[in-house]
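Colleague: Build me a model from this:
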Amino acid sequence: MVAVRPATAADAGAVTEVFLASRAAALPWLPVLHSAEETRGFIEHVVLATQRTWVAVDGADVVGFAALSPGHLEHLYLAPARRRQGIGSTLLRQVQEASPGGFDLWVFQRNTAARAFYERHGCRVLAETDGARNEEREPDVRYGWAR
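Modeller: The predicted model follows:
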């Protein structure tokens, strides 16, 4: 059974593994701009240190995570083998409960699975861009969710 709990600094390695594996599986066309070591530093010193982060755990295994800054869902990633099991929905509900005033998020336009997921959960398209403002230079979509 999967449970959700606040992330701790000790989760940095497992969260990094989920982040890298999820992006590689779901976004194989996305350029890899940072090494695994750089990504771990980002997870440890930015995500876990400055964003409200939850992990989905199955026993001792981190199988997903969500990170929230005020008004903005920064990350929601799942271990590839754990997709389509309700874990993403559970994490998103946690974010929604923590954000009664709503939030926004960005998704790459080509990530049709993520777009369908957020739309099923009540998120609405606010804007589409050509990707000039993200580091991957990949067209993206800004979504918003409000109660």
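
Colleague: same for the top strand by length along the chain, what does it pack against?
Modeller: In the chain, assigned by DSSP state E, the strand with the most residues is strand 61-69. With contacts defined as 3 or more C-beta pairs under 8 Å, 6 or more residues apart in numbering; DSSP states H and E, strand 61-69 has these neighbours: helix 12-26, strand 52-58, strand 72-78, helix 87-98. Using the backbone N, CA and C atoms, a C-beta is placed for each residue, glycine as well.

Colleague: 10 Å instead, please
Modeller: Contact analysis of strand 61-69 by 3 or more C-beta pairs under 10 Å, 6 or more residues apart in numbering; DSSP states H and E lists strand 2-6, helix 12-26, helix 48-50, strand 52-58, strand 72-78, helix 87-98, strand 103-108 as its packing neighbours.

Colleague: so can I have JSON lines of the ones you listed showing mean neighbour count, distance to Glu138 and mean pLDDT?
Modeller: JSON lines is the format used below for these (neighbours: other C-beta atoms under 10 Å; distance: least, C-beta to C-beta, whole Å; pLDDT from 0 to 100):
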{"stretch": "strand 2-6", "mean neighbour count": "13", "distance to Glu138": "29", "mean pLDDT": "96"}
{"stretch": "helix 12-26", "mean neighbour count": "18", "distance to Glu138": "12", "mean pLDDT": "97"}
{"stretch": "helix 48-50", "mean neighbour count": "15", "distance to Glu138": "24", "mean pLDDT": "97"}
{"stretch": "strand 52-58", "mean neighbour count": "21", "distance to Glu138": "24", "mean pLDDT": "98"}
{"stretch": "strand 72-78", "mean neighbour count": "20", "distance to Glu138": "16", "mean pLDDT": "98"}
{"stretch": "helix 87-98", "mean neighbour count": "17", "distance to Glu138": "21", "mean pLDDT": "97"}
{"stretch": "strand 103-108", "mean neighbour count": "19", "distance to Glu138": "5", "mean pLDDT": "98"}
